[in-house]
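Q: Starting from these lines, generate the structure:
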Amino acid sequence: MTQTILLTGAAGGIGTFLRTQLPPYGYRLRLADVKPVPDAPDSLAFDLRDAAAVREAVRGVDAVVHLGGIALEDSFANILGSNIEGAYNLYEAVRQEGVKRVVFASSNHAVGFTPLTGEGLIGSDIPPRPDTYYGLSKVFGEGLASLYADKYGVETVSIRIGSCFPEPRSPRALATWLSPADCTRLIHAALTAPGVGHTVVNGISANTRAWWDLSSARALGYEPQDDAEAYAAEILAEHGELDPAHADARLLGGYFTTVEPPV
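A: Model (predicted):
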């Protein structure tokens, strides 16, 4: 049976490749973003702060992949509207419409101040240590997912995405990269695994230099196929190894831990 999935943030970087990579897994996509989605005349354009529009978008779908919102650091007022109020509106709509599964795009920046000690891989059960207002909004989203799972039976997999681009772009990304193909595999696993309640997983590929443990993701059926090491020689020739004194080498959130929000 083909499932209908609401994909928010469908015009963004991750949403763009999911538009073509998810349908072969058997999904029918309902695309949504704050702006019209290119080459998708049937897509929905609305602000996540508009609760009525969010509910209308959710009506009749089987699950939601929630990528919508601001994807970088911004003022607290902007983060509050798009990422925090928007996530609340999404979960309320899901509850009201009886949708039982959400995949929430969380981020490594929810735990960005976690030290990189080199003493084993970092699991997905570590406590929140957000590095930005953006990261804080992801902590809120994970908490919202937990509440709605326990109170209303809405199941969520929160994916703490590392660096999801067609290719890794920096020495740090050799540890944090999530390839588009692996991202799609992970989301498919998150949509189909039974009895997830609220599960938090780390979202990276099978990277040789990984900092994160993938046990909770693998337990969903995720089997990553890509490894950033294939790009290591080229990246290191251009940038060199990570400077041990730099935030990228000391903290999970890297340079985000040094970013100040715009005034």
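Q: CA atoms for contacts and neighbours, from now on please.
A: Noted.
Q: So which elements touch the longest helix seen in the chain?
A: For the chain, the longest helix by residue count, based on DSSP state H, is helix 133-152. On a contact count with 3 or more Cα pairs under 8 Å, 6 or more residues apart in numbering; DSSP states H and E, helix 133-152 meets helix 76-79, helix 86-97, strand 101-107, strand 155-161, strand 198-203.
Q: For that helix, buried residues please.
A: Neighbour-count burial for helix 133-152, counted by 16 or more other Cα atoms under 10 Å, picks out 133-142, 144-149.
Q: and if you look at stretch 239-246?
A: So for stretch 239-246, nothing qualifies as buried (16+ other Cα under 10 Å).
Q: got the end-to-end distance for it?
A: 13 Å (Cα to Cα, to the nearest Å).
Q: Also stretch 235-252?
A: Taking Cα to Cα, stretch 235-252 runs 19 Å from one end to the other.
Q: Then stretch 151-165?
A: Length of stretch 151-165, first residue to last, Cα to Cα: 35 Å.
Q: what's the answer for stretch 4-24, then?
A: With Cα to Cα, one end of stretch 4-24 sits 13 Å from the other.
Q: Need the contact partners of it.
A: With contact meaning Cα atoms under 8 Å, 6 or more residues apart in numbering, stretch 4-24 is reached by 27-38, 57-58, 60-69, 164-165, 180-181, 184, 188.
Q: I'd like the helices and strands packed on helix 133-152 as TSV, with mean neighbour count and mean pLDDT appended.
A: Formatted as TSV, the helices and strands packed on helix 133-152 follow (neighbours: other Cα atoms under 10 Å; pLDDT from 0 to 100):
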stretch	mean neighbour count	mean pLDDT
helix 76-79	16	98
helix 86-97	21	98
strand 101-107	25	98
strand 155-161	26	98
strand 198-203	26	98
